[in-house]
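Participant: Structure, please.
(4 chains)
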Number of protein chains: 2
Amino acid sequence: MRLGRAGRGVAGHSRRSRRRPAPATVAPVSDAPAPPTARGDRTRQLILDTALRMFRERGYAATTMRAVAREAGVAVGNAYYYFPSKEHLVQHFYADLQERLRAAAAPALAAETAFAPRLRAVLHAGIDTTAPYHDFAGTFFKTAAAPTSPLNPFSPESAGPRETAVGLFRDVLDGAAVKPDPELRADLPELLWLAYLGVVLYWVHDRSPGQRRTRTLIDGAVPLIDRLVGLSRLRVLRPVTREVTALIRALRA
Amino acid sequence: MRLGRAGRGVAGHSRRSRRRPAPATVAPVSDAPAPPTARGDRTRQLILDTALRMFRERGYAATTMRAVAREAGVAVGNAYYYFPSKEHLVQHFYADLQERLRAAAAPALAAETAFAPRLRAVLHAGIDTTAPYHDFAGTFFKTAAAPTSPLNPFSPESAGPRETAVGLFRDVLDGAAVKPDPELRADLPELLWLAYLGVVLYWVHDRSPGQRRTRTLIDGAVPLIDRLVGLSRLRVLRPVTREVTALIRALRA
DNA sequence: CCTCTTTTCTGAACGCGTTCAACTAAGCGT
DNA sequence: ACGCTTAGTTGAACGCGTTCAGAAAAGAGG
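Facilitator: Below you'll find the predicted structure:
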């Protein structure tokens, strides 16, 4: 019989202290070609690869921690030795996707010079890349929305992917011949990323075949954003623009 | 030993067929004052009241279905006879809150006639009413974000509360001396409700003491919205306004 | 070779939301 | 009274994510 402190099941938030150190990118000094990676690194990678493959093939719900462990040939506790939670495993899946989004958007960004087509290409690339995982996204979106989740786009753990994404929209602007209000200019990449989150929000709930409605949203919203950005220099809109920039600066954590 | 089809645990989406009919609001014809409610109705109410009280007192996570059943003096299966899932129980909590929001906003709506203060009062009332449940909201927000959840604000099950909320913003406009673009006017209540969802989204993630930042957001965003609504009739903005209304009409499911 | 520490790994146990076969209580026609 | 149908109720069982005491493997020092 178990006598220690009772487990907390699904509600657990605290993280345990007995934890493997952050994965070293390089091996310690050693000239023998022998094991290219330490044992732990190999196990960690095995578990991660197995999980990502299963996420792709079976979706979120069917990829249980037990199934991942069984498929990888380890005990379930071993998976938790390397990854604090299932969500952390999903985070790697998410990072993978973002990498592919960047790659998918690259050709269009190299070819186009106007703002609207550049923005449109990136947004459509986002949908193209994630389309195969629409159902997956629906299930996992809920955990990403929780304020305490590491998957939350605003969380510290997501800082890396977030800055990658914001950087993508910075590229969209940098390569474009567009002249927004200079005060707005600095915050615009982040605002475009927020708009992108809005598109994702709509996409996740979009049940139309092939998520056609989301394409409609993008094609309708891009010219609007384009026009608003151009209009931001207009005298009547100046105070509005100024208020917007002042507000988002006050709200940034 | 159990031999039937294995349970599906937390991933369950299908709803069973053996289900109690929708609760009749009135009792069948009967002149005896006898039992004011049928046995089933009393049990249902007992479970619901117990659950709502526990949500208030202990929060979402600590209010387990077993605990609710124990506190109400019934078996856990009995709770599931009346409510398909824990989320459906939460939905009643949510409806309760919305009722209180409406009541909290009423005095200000009766006193004010200008658009901005009316909108501001409703948004602040929303924060005031839900403030005691900020932690609760954080935990339960994640399930509300799932596209398949009945708690999702866009779901058919939420149609009632949603229309109540949109109606509140219709009141805000109806009683105000404001003249937006007539094409925009019809969609404006829904747009204001969307803005309110944005405020809630920010509020849920707002960790500042007393959620002061959310107050800042409201006080900053309301004059902006006010100005934009007033500006929507401006000639330069007409095409933009028209595009906005056309787009949101195309996107409505 | 033997000890001692650190890293890696194991699997039973926990509490959760949910399901379901079986039981009891109530209503109803005869 | 009696069977018969329906409404209401029970609680053990399921699979899930997660935890943890301890076993096994790998190094380190002699």
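
Participant: Stretch A:130-140 vs DNA strand D: in contact?
Facilitator: No: Stretch A:130-140 lies out of reach of DNA strand D by Cβ under 7 Å from any atom of the strand, never closer than 10.6 Å. Yep, even glycine has a C-beta here, placed from its N, CA and C like the rest.

Participant: So what touches that stretch?
Facilitator: Contacts with stretch A:130-140, where a contact means Cβ atoms under 8 Å, 6 or more residues apart in numbering or on different chains, come from A:55-56, A:59-61, A:90, A:97, A:101, A:151, A:203-204, A:210-211, B:146-148.

Participant: show me the contacts for the residue nearest to residue A:100 when sequence neighbours are not counted.
Facilitator: Spatial nearest neighbour of residue A:100, chain neighbours left out: residue A:129 (5.0 Å); criterion: Cβ to Cβ, 6 or more residues apart in numbering or on different chains. By Cβ under 8 Å, 6+ apart, the residues touching residue A:129 are A:97, A:100, A:101, A:104.

Participant: Also residue A:240?
Facilitator: Contacts of residue A:240 (Cβ under 8 Å, 6+ apart): B:224, B:227, B:228, B:231.

Participant: tell me the contacts of the last one?
Facilitator: Spelled out, it's residue B:231. Counting by Cβ under 8 Å, 6+ apart, residue B:231 has contacts A:236, A:237, A:240, B:237.

Participant: Save the contacts of residue A:240 as a markdown table, and put in secondary structure and pLDDT too.
Facilitator: Output for the contacts of residue A:240, formatted as a markdown table (DSSP: H, G, I helix; E, B strand; the rest coil; pLDDT from 0 to 100):
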| residue | secondary structure | pLDDT |
| --- | --- | --- |
| B:224 | helix | 94 |
| B:227 | helix | 91 |
| B:228 | helix | 89 |
| B:231 | helix | 87 |
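
Participant: For the contacts of stretch A:130-140, which two are the farthest from each other?
Facilitator: A:151 and A:210 (25.8 Å; Cβ to Cβ).

Participant: When those two are compared, which one has more neighbours?
Facilitator: residue A:151 (22 against 11; other Cβ atoms under 10 Å in any protein chain shown).

Participant: And what about the more buried one, helix, strand or coil?
Facilitator: Judged by DSSP: H, G, I helix; E, B strand; the rest coil, the three-state class of residue A:151 is coil.

Participant: thought it was touching residue A:89?
Facilitator: No: between residue A:151 and residue A:89 there is no contact under Cβ atoms under 8 Å: 10.3 Å.

Participant: How about the residues of the stretch 1-150 of chain A by chain B?
Facilitator: Contact residues, the stretch 1-150 of chain A versus chain B (Cβ under 8 Å from any Cβ of the partner chain): A:10-11, A:61, A:138-139, A:141-149.

Participant: picking up where we left off before, farthest pair in the contacts of residue B:231?
Facilitator: A:240 and B:237 (10.6 Å).

Participant: Export stretch A:101-109 to PDB, keeping only CA atoms.
Facilitator: The C-alpha trace of stretch A:101-109 is given here as PDB (Å, rounded to 0.1, in the frame of the first residue of the first chain):
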ATOM      1  CA  LEU A 101       6.100  27.800 -41.400                       C
ATOM      2  CA  ARG A 102       9.200  30.000 -41.700                       C
ATOM      3  CA  ALA A 103      10.500  27.800 -44.500                       C
ATOM      4  CA  ALA A 104       7.200  27.800 -46.300                       C
ATOM      5  CA  ALA A 105       7.000  31.600 -46.200                       C
ATOM      6  CA  ALA A 106      10.600  32.200 -47.400                       C
ATOM      7  CA  PRO A 107      10.100  31.900 -51.200                       C
ATOM      8  CA  ALA A 108       7.200  34.400 -51.200                       C
ATOM      9  CA  LEU A 109       9.200  36.800 -49.000                       C
END
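
Participant: pLDDT of that stretch, averaged?
Facilitator: The predicted model assigns stretch A:101-109 a mean pLDDT of 95.

Participant: what do you get for stretch A:169-184?
Facilitator: Here the average pLDDT along stretch A:169-184 is 92.

Participant: Does chain B have contacts with it?
Facilitator: No: Stretch A:169-184 does not reach chain B (Cβ under 8 Å from any Cβ); its nearest approach is 13.6 Å.

Participant: roughly how far out does that stretch sit from the chain middle?
Facilitator: 23 Å (Cα atoms, centre = their mean, to the nearest Å).

Participant: Next: stretch A:39-52.
Facilitator: 21 Å.

Participant: can I see the domain layout of chain A?
Facilitator: Annotated domains of chain A cover A:39-84, A:87-252 [automatic domain parsing].

Participant: okay if I get those as TSV plus distance to residue B:120?
Facilitator: Shown next, in TSV, are these (distance: least, Cβ to Cβ, whole Å):
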stretch	distance to residue B:120
domain A:39-84	41
domain A:87-252	14
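
Participant: before we move on, back to that, would you mind listing which of the residues of the stretch 1-150 of chain A next to chain B are buried?
Facilitator: Neighbour counting with 16 or more other Cβ atoms under 10 Å in any protein chain shown marks A:61, A:138, A:139, A:141, A:142, A:143, A:144, A:145, A:146, A:147, A:149 as buried within these.

Participant: what's near enough to touch the fifth one?
Facilitator: Spelled out, that is residue A:142. B:142, B:143, B:145, B:146, B:149.

Participant: Please report how far the second one lies from residue A:138.
Facilitator: Translated: residue B:143. 13 Å (Cβ to Cβ, to the nearest Å).

Participant: What of the third one?
Facilitator: With distances taken as Cβ to Cβ, residue B:145 is found 10 Å from residue A:138.

Participant: what's the spatially closest residue to residue A:73 that is not a sequence neighbour in contact with, if anything?
Facilitator: In this structure, residue A:73 finds its nearest non-sequential neighbour in residue A:46, 8.0 Å apart by Cβ to Cβ, 6+ apart. Residues counted as contacts of residue A:46 (Cβ under 8 Å, 6+ apart) are A:72, A:73, A:74.
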